[in-house]
Each structure stands twice: as structure tokens, then as C-alpha cells.
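> Any chance you can model this:
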Amino acid sequence: GAVLPGCECASVPVAGALVRRGVTPAAALTFLLSAPAINPIVLTATAVAFPGHPEMVLARLVASLLVACAMGWLWLRLGRTDWLRPPSHLSYDGQSKGEAFWGSVRHDVMHAGGFLVVGAMAAATLKAVAPESWLRTAAGNPVLAVLALAVLAVVLSICSEADAFVAASLSQFSLTARLTFLVVGPMIDLKLFAMQAGTFGRAFALRFAPATFALAVAVSALTGAVIL
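Sure thing, here's the model as predicted:
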């Protein structure tokens, strides 16, 4: 995932396609988490958004990589096959490779698009009703600031190619809190949860999402304490 530019919306159907083609689920899930945050476009955007803090790029790279790998290893040790509903396999018998390719693309886009719309609607609703005063109160407490921006990342559901500029604008928060925002958002937010549930099943999403959130917050706080 570190070398493949792309937003988190695309990583879910791609991970589903990898599982369909026989890739180990742990490896596919590691790709799902790493691809949106560890790619040249996102890291370059982070550097541009934080010109006075180049260490933010390194911190985001390290924290995102650690979380993605740790979740993959965690699935290897604790994951159960009955938690993961394999994505439906499409049959393209009698079709050329080109026809099969575009047929698969259309299927993945249409399948993921519905869940993306549902998640985006929920994110927009919460963004509109959340009191702005909560942010000012949370920023004064280091622990609460980290948790607040982690939750905000889930609620806002911003694309990873633009989230660094939003984080940079939250100047009242510490760099560690803003790092948490950058690590959590591309891995788990409302639209991603909806898409994961639609692709791999609700039983998977209800376990994978909270575990990812908790690990991302912990690793971000630790990385921020060491690097920032």
C-alpha cells in the first residue's frame, strides 16, 4: 500500500478483490489500512500542509505503518473465518480479459458506492450538528484533545488526500492530537465502516473497526510522544 496512491474509498473494494482472488485476509486487511495513508500523494500533501513541521510526515508514515501491520498480525493470531464474509465471486466465463476486467470494476464501484453514500450522509449530518465549542474545550486537555480529534476524524470522514490541510487548520490542538486525526481518519470513519460492513459483513466490521480505532489512537499517541 505504501507505493499505491489512492483514497480509502478505493482500498475497501480492492481488498475485497484480493480476498476473492485467494490473498491471505491478513495481508489484504493490511493493504486496506495502509494504502490510503502511506502513499506519495498523501505524504506530499502532509508535507505541504505542515511546512514548519516536517517531522509530521515521518510521524504519519511510522504510525500508519505500525497500525496496519499490527492489525494484520492481530488478524493472523485472533481472526476467525466465520467473522469474515468472503466478497461475492463473479463469474466471467466466455468473456475476454478486458470484458472481465471492466465487469469487475463496474461491480466493485456499484457495490461500494451504495455504502459510501450511506456513510457520507451520516458523516454530513453529524458534521452539521456537532457544536464547535466542543473543540475549544477539548483542546485544553492533552488526553481529551487526542480522543476528540480521533472521534472527529471518524465523524468528518475526510479523504486522506485532503485531511492534512484540515488538521493543519486545527492549530489550537497539539501536534500529537493532529497526528491522531491523520492516522485514524484514513483507517476508520463512518463511510469506511459502512463499506467494510457491505464488503466483508457486519460481524467483521463490528470487530475490526473498534480494534483499529483503539490501536490507531494508542500508536498515534506513542509515536507523537517519541517523534513530535
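> and the residue nearest the centre of the chain, what are its phi and psi?
Nearest to the mean C-alpha position of the chain, by Cα atoms, centre = their mean, lies residue 187 at 1.8 Å. Main-chain dihedrals, residue 187, degrees, to the nearest 10: phi -100, psi -40.
> Distance check, it against residue 23.
Plainly put, residue 187 is 19 Å away from residue 23 if you go by Cβ to Cβ, to the nearest Å. Backbone N, C-alpha and C define where each C-beta goes, glycine included.
> and what of residue 210?
Separation of residue 210 from residue 23 (Cβ to Cβ): 24 Å.
> do residue 214 as well
For residue 214, the distance to residue 23 equals 25 Å [Cβ to Cβ].
> try residue 143
Distance of residue 143 to residue 23, given as Cβ to Cβ: 38 Å.
> which secondary structure element contains the closest residue to residue 199 other than its chain neighbours?
Nearest in space to residue 199, with sequence neighbours left out and distances taken as Cβ to Cβ, 6 or more residues apart in numbering, is residue 16 at 4.4 Å. Assigned by DSSP states H and E, residue 16 belongs to helix 8-20.
> Rounded mean pLDDT for that helix, please.
Mean pLDDT, computed over helix 8-20, is 69.
> Next, count neighbours for the residue nearest to residue 32 when sequence neighbours are not counted.
Spatial nearest neighbour of residue 32, excluding adjacent residues (Cβ to Cβ, 6+ apart): residue 15 at 3.9 Å. By other Cβ atoms under 10 Å, 26 other residues sit near residue 15.
> what's near enough to touch residue 15?
28, 29, 31, 32, 199 (Cβ atoms under 8 Å, 6 or more residues apart in numbering).
> My read is that residue 219 contacts residue 65, right?
No - between residue 219 and residue 65 there is no contact under Cβ atoms under 8 Å: 9.6 Å.
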